[in-house]
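J.: Okay, predicted coordinates and the sequence, questions at the end:
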Amino acid sequence: MPPAEPLIAKPIASVEKVLRWIGPTYRARPSERIGWGVAAAICATLLVIAVVLEPSPSGMGTHQALGLPPCGFAYSTGLPCPTCGMTTSFSLTVRGRLYSAIIAQPGGFALCVLSMLLALYGAYVAARGRAIWINWDRISTRLVLCLAVLVLGGWGFKMAHGLIVGELPLNR
């Protein structure tokens with residue numbers, strides 16, 4: 001019988017991969033602090049707007065309270081566009097109605113959570129001047145692809161859910 005392995009585990013390979021993308025903290029330059037502060041302010045503004053808006057019970061159309069027109073894609077095809085339900089999902093997420101937010105638009109839910117995290121991180125970097133080193137050369141393409149998959153996957157979910165529960169096609 002081979003000897004038992006020690007209880008101290010070796011580093012996981014996936015952790016080592018992540019450490020190639022994200023490293024230790026460093027002192028942020030003044031321009032970086034300003035940039036992160038602006039990013040935090042933009043995210044916080046989006047979240048405040050989501051708090052002020054009353055979510056539409058239909059799962060989409062909340063953006064009309066901002067004076068924007070109804071979705072032209074939904075009007076002409078009877079099907080939601082890739083961003084239909086995003087504003088409603090944001091508004092539901094900030095109210096803690098997570099299940100409803102995911103049903104309204106899973107991509108919007110995930111983007112709202114990311115906006116919350118980015119607002120907090122940006123405010124921290126702006127105030128404290130410490131940032132986490134990120135290898136943007138390695139992560140930028142993956143980030144864009146993840147966001148595209150998130151939006152398109154959310155759209156696919158919204159379409160599939162709408163067809164299954166009989167909400168689609170929309171009444172014109």
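T.: Now that the structure is in, tell me what you want to look at.

J.: use CA for all of it now, contacts and neighbours both
T.: OK.

J.: pull the helix or strand with minimum mean pLDDT from the chain.
T.: The weakest-scoring helix or strand in the chain, judged by mean pLDDT, DSSP states H and E, is helix 13-21 (a mean of 64).

J.: now the residue nearest the centre of the chain, what's its secondary structure?
T.: Nearest to the mean C-alpha position of the chain, by C-alpha atoms, centre = their mean, lies Leu111 at 1.4 Å. Under DSSP: H, G, I helix; E, B strand; the rest coil, the three-state class of Leu111 is helix.

J.: in the chain, which spans are helices?
T.: Assigned by DSSP state H, the helices in the chain fall at 13-21, 30-52, 72-77, 86-94, 98-104, 106-128, 136-165.

J.: Turn those helices into CSV, including distance to Gly59.
T.: Shown next, in CSV, are those (distance: least, C-alpha to C-alpha, whole Å):
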stretch, distance to Gly59
helix 13-21, 36
helix 30-52, 14
helix 72-77, 13
helix 86-94, 6
helix 98-104, 5
helix 106-128, 11
helix 136-165, 10
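
J.: Of those helices, which stretch is the most buried?
T.: Comparing the helices of the chain by mean neighbour count (mean count of other C-alpha atoms under 10 Å), helix 86-94 ranks first with a mean of 28.

J.: quick one: contacts for Lys158?
T.: Applying C-alpha atoms under 8 Å, 6 or more residues apart in numbering, we find Lys158 in contact with Pro80, Ile103, Ala104, Gln105, Pro106.

J.: and if we set it to 6 Å?
T.: For Lys158, no residue meets the contact criterion (C-alpha atoms under 6 Å, 6 or more residues apart in numbering).

J.: before we move on, what about the one 5 residues further on?
T.: The neighbours of Leu163, taking C-alpha under 6 Å, 6+ apart as the test, come to nothing; the list is empty.

J.: Let me know the distance separating it from Phe157.
T.: 10 Å (C-alpha to C-alpha, to the nearest Å).

J.: do Trp36 as well
T.: 33 Å.

J.: Equivalent analysis for Ala40, please.
T.: 29 Å.

J.: Kindly report the same for Ala104.
T.: Distance from Ala104 to Phe157, by C-alpha to C-alpha: 10 Å.
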